[in-house]
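Enquirer: missing the sequence, but the structure's below:
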């Protein structure tokens, strides 16, 4: 440690506190953060940096989207180029695909791979998989076939949504059949330290983070949110779901690689807030 910043007594205290904390986490992993035996100084720091606990959202993310579509069916949900989809149109598209998925065996936590370029079909596929109860696995269209095959096999992906989306004539909301710890999506690491590894994100985490971001940026129906992160990155969920659960418009760039020039053009052209 840097002796010009800390003395031995301070470091010893931190080490002992760390040992106590790790021992508690190892023996009682379900202990809430607020109940862990943190040293007084660390507790003060957390309280200073934190904004207080958010109450657990009462409704799942996909249910919040459906509620929003019911409240504001004619509001613009998606905008890409000169094309727009209202909340009602997007919800209907997602429902028709969700029932197709249901008819093809997708149920609770069924993994479904999504290999779509950024656009309305990509958003529709993600919403439909969650509506059907499954977990989506984002696949970058630029990935080599070997990586795609490994991920599909490793995750046991039931289906791959690639290209034009299938549909049905049934457009009502599927009944909710999910629980908090049920998987929402499985995202894969880059594989830079070996083979790519899947990380499962539960619905409760997606819902909590969606709520946090929505409140953090005070998002509302008048906002326009730019969706520029690739679906295979967690940041995409942070852009998609907070916008679609508060009545905002999700703006999808109609080009591939996003350069600084593209970004500035999109921000100005679409009046992104």
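Expert: Thanks, I have it. Keep in mind that what you see is a predicted model, and the values were worked out from it rather than measured.
Enquirer: only C-alpha atoms for contact and neighbour calcs from this point on.
Expert: Will do.
Enquirer: ends of stretch 157-172, what's the gap?
Expert: 26 Å (CA to CA, to the nearest Å).
Enquirer: all strands for the stretch 51-200 of the chain, in order.
Expert: 76-80, 83-86, 111-115, 135-138, 159-162, 183-188, 198-202 (DSSP state E, counting those that start in this stretch).
Enquirer: between these, which one is nearest to residue 217?
Expert: strand 76-80 (18.1 Å; CA to CA).
Enquirer: closest one to residue 33 among the strands of the stretch 51-200 of the chain?
Expert: The nearest among these, by CA to CA, is strand 198-202 at 18.6 Å.
Enquirer: give me the buried positions along the closest one.
Expert: 198, 200-202 (16 or more other CA atoms under 10 Å).
Enquirer: quick one: it to chain centroid distance?
Expert: 10 Å (CA atoms, centre = their mean, to the nearest Å).
Enquirer: for that strand, name the packing helices and strands.
Expert: strand 183-188 (3 or more CA pairs under 8 Å, 6 or more residues apart in numbering; DSSP states H and E).
Enquirer: between strand 198-202 and the strand it packs on, find me the angle.
Expert: With axes from the mean of the first three to the mean of the last three CA atoms, to 10 degrees applied, the angle from strand 183-188 to strand 198-202 works out at 160 degrees.
Enquirer: let me see the mean pLDDT of strand 183-188.
Expert: The pLDDT scores in strand 183-188 average 95.
Enquirer: what's that strand in contact with?
Expert: The contact list for strand 183-188 (CA atoms under 8 Å, 6 or more residues apart in numbering) reads 109, 111, 130, 134-138, 151, 196-203, 206, 232-234.
Enquirer: thinking again about what came up before, residue 35: which of the strands of the stretch 51-200 of the chain is closest?
Expert: So among those, strand 198-202 is nearest, using CA to CA, at 22.8 Å.
Enquirer: the closest one pairs with which strands?
Expert: strand 183-188 (antiparallel) (DSSP bridges).
Enquirer: list only buried entries from the contacts of strand 183-188.
Expert: Of those, these count as buried by 16+ other CA under 10 Å: 109, 111, 130, 134-138, 151, 196-198, 200-203, 206, 232-234.
Enquirer: low-confidence stretches in the stretch 151-273 of the chain?
Expert: 256-257 (pLDDT under 70).
Enquirer: if you set the cut-off to 80 instead, what comes out?
Expert: 177-180, 190-194, 254-258 (pLDDT under 80).
Enquirer: name the residue closest to the centre of the protein, please.
Expert: Most central in the chain under CA atoms, centre = their mean is residue 237, positioned 2.9 Å from the mean C-alpha point.
Enquirer: helices of the stretch 151-273 of the chain, start to end?
Expert: Taking DSSP state H, counting those that start in this stretch to define them, one finds helices in the stretch 151-273 of the chain at 203-216, 235-244, 260-269.
Enquirer: relative to helix 203-216, how tilted is the second one?
Expert: Yep, that's helix 235-244 we're talking about. Using the same axes, to 10 degrees: helix 235-244 against helix 203-216 is 60 degrees.
Enquirer: gap between residue 86 and residue 4?
Expert: Taken as CA to CA, the span from residue 86 to residue 4 is 60 Å.
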